[in-house]
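*Asks:* would you be able to build a 3D model of this:
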Amino acid sequence: ALLTDTAVLRHGFLDVLGASASSPVPTVAQRAMNSPFVATVYERIWRPTAFYLASGVTTRAEQRRAASALRLPTAQRLLDVACGPGNFTGPLARQLSDGGLAVGFDISEPMLTRAVLDNSTPDICYVRGDARALPFADATFDAVCCFGALYLMPEPFRVAGEMLRVLRPGGRIAILTSYVSDAPVLRQALSTGAGVIGLTMFDRRAFVELFASAGLVDVEQHTARAVQFVAATKPE
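*Replies:* Next up is the predicted model:
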């Protein structure tokens, strides 16, 4: 079994939290992610539009970049943290080697319910839990990713640390998250606006330095408008 915590099967996904709240004082953005309405429109309308405006990159191009960066054809186990309705989990699962398994992980019940309905196959399972304490043993996954969610989380660097913990040596990690340039006026404006709705704007160095300080190698970063993509390898 992959899980280290006891889980209950609910609505087609495994739940290790039960009735636990997602956040004591959820932000505007976190409340949106826990909305059944947002879960319904997120995959088809909200995310493709918002991320194209933020990066100029289409969803299909994002998915191709993710599969390449994570080296999925040679991977057996993939963890998609904050998977939402599974709009990346499903396509990435199809890139895994034969017999592979993709685990979509999220804290939102409406998002996971939608993921089970829209992006569920025999090589995918969905788990509800808190990404600050991933319910998996060390070195469980060949590839770990988190696309478009770290800026929503109250402790993003703790989550990134958990992602590194469950990644096996030789495995790949990839994240897509917010980005703001070093230009003082632009940085202040974007950070202030994002903070109002509970979003964090990360600079160019935040995750590159985190990965480097953790000993990761082959660190690559791409920035575009308000988005950055960072990938790296956990050394053997």
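
*Asks:* ranges for the helices of the chain?
*Replies:* 28-33, 36-41, 47-55, 59-70, 89-93, 109-118, 156-166, 184-196, 206-213 (DSSP state H).

*Asks:* worst mean pLDDT among those?
*Replies:* Of all the helices of the chain, the minimum mean pLDDT falls on helix 184-196 (a mean of 52).

*Asks:* show me what contacts the closest residue to Ala143 other than its chain neighbours?
*Replies:* Spatial nearest neighbour of Ala143, excluding adjacent residues (C-beta to C-beta, 6 or more residues apart in numbering): Leu70 at 4.1 Å. Where C-beta positions appear, they are placed from N, C-alpha and C, glycine not excepted. Contacts for Leu70 (C-beta atoms under 8 Å, 6 or more residues apart in numbering) come out as Leu78, Leu92, Ala143, Cys145, Arg172, Ala174, Ala231.

*Asks:* quickly note the distance from the first one to Thr113.
*Replies:* Read that as Leu78. Look at Leu78 and Thr113: by C-beta to C-beta, to the nearest Å, they are 21 Å apart.

*Asks:* which one's more surrounded, the two?
*Replies:* Leu78 (28 against 20; other C-beta atoms under 10 Å).

*Asks:* what's near enough to touch that one?
*Replies:* Going by C-beta under 8 Å, 6+ apart, the list of residues near Leu78 reads 70, 72, 92-93, 96, 100-103, 141-145.

*Asks:* if we can go back for a sec, any chance of the contacts of Leu70 in a markdown table, with distance to Leu134 too?
*Replies:* Shown next, in a markdown table, are the contacts of Leu70 (distance: C-beta to C-beta, whole Å):
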| residue | distance to Leu134 |
| --- | --- |
| Leu78 | 14 |
| Leu92 | 18 |
| Ala143 | 14 |
| Cys145 | 13 |
| Arg172 | 17 |
| Ala174 | 16 |
| Ala231 | 19 |
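
*Asks:* just the buried ones from these?
*Replies:* Neighbour-count burial (16 or more other C-beta atoms under 10 Å) applied to the contacts of Leu70 gives Leu78, Leu92, Ala143, Cys145, Arg172, Ala174, Ala231.

*Asks:* is it true that the second one touches Ala67?
*Replies:* It refers to Leu92. Yes - the criterion here is C-beta atoms under 8 Å, and Leu92 meets it with Ala67 at 6.0 Å.

*Asks:* can you tell me which of the buried ones among the contacts of Leu70 is nearest Pro85?
*Replies:* Nearest to Pro85, judged by C-beta to C-beta, of the buried ones among the contacts of Leu70 is Leu92 at 13.8 Å.

*Asks:* roughly how far does the closest one sit from Ser120?
*Replies:* Taking C-beta to C-beta, one finds Leu92 at 14 Å from Ser120.

*Asks:* same check on Asp142?
*Replies:* Between Asp142 and Ser120 the distance is 21 Å, computed by C-beta to C-beta.

*Asks:* since that was my last question, I'll sign off now.
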